[in-house]
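[1] okay, sequence plus prediction incoming.
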Amino acid sequence: MELKINQQTKHFNAESLSVQSLLDLEIPQKQNGIAVAINNTVVPKTKWNEFFVQETDEILIISATQGG
């Protein structure tokens, strides 16, 4: 499966991936304080296990940062 994540094309050896599975592969150590949007629509964290990405999806993973 080929996906575009944060404007970079990446390849995965899977026929289907939930948002949670994708995050486990991409950022296994840091999943707090992030938001995920697929095709410009935010996917709530409560739906990450049941929302599956598709080959043509554009995925944006955003990390919250502290600042002042």
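    Now that the structure is in, tell me what you want to look at.
[2] and the helices in this structure, which stretches?
    19-26 (DSSP state H).
[3] and A64, backbone torsions?
    When read as degrees, to the nearest 10, the backbone of A64 gives phi -70, psi 140.
[4] does it touch Q31 like I think?
    No - with contact defined as CB atoms under 8 Å, A64 does not count as touching Q31 (11.7 Å). Yep, even glycine has a C-beta here, placed from its N, CA and C like the rest.
[5] okay, now the unreliable bits of the chain?
    Within the chain, the stretches with pLDDT under 70 are 67-68.
[6] distance check, Q31 against E15.
    Distance of Q31 to E15, computed by CB to CB, to the nearest Å: 23 Å.
[7] between the two, tell me which one has more neighbours.
    In this view Q31 and E15 are compared by other CB atoms under 10 Å, and Q31 has more residues nearby, 16 against 7.
[8] find the nearest non-adjacent residue to the more buried one, please.
    Distances taken as CB to CB, 6 or more residues apart in numbering put L23 closest to Q31, at 5.6 Å, once the chain neighbours are dropped.
[9] burial count for that neighbour?
    Using other CB under 10 Å, L23 has 19 other residues around it.
[10] can you pull the contacts of it?
    Neighbour list for L23: 31, 34, 36, 48, 61 [criterion: CB atoms under 8 Å, 6 or more residues apart in numbering].
[11] most surrounded residue in the residues you listed?
    Going by other CB under 10 Å, V36 tops the contacts of L23 with 23 neighbours.
[12] excluding chain neighbours, what is closest to that residue?
    Per CB to CB, 6+ apart, closest to V36 is V43, 5.0 Å.
[13] and the one you found, how far is that from L17?
    Note on V43: its distance to L17, by CB to CB, is 13 Å.
[14] next: E2.
    Distance of E2 to L17, computed by CB to CB: 12 Å.
[15] the two - which one has more neighbours?
    When neighbours are counted by other CB under 10 Å, E2 and L17 differ, and L17 comes out ahead with 19 against 9.
[16] in space, what's closest to the more buried one - neighbours in sequence excluded?
    Going by CB to CB, 6+ apart, L17 has V53 as its nearest residue, at 5.3 Å.
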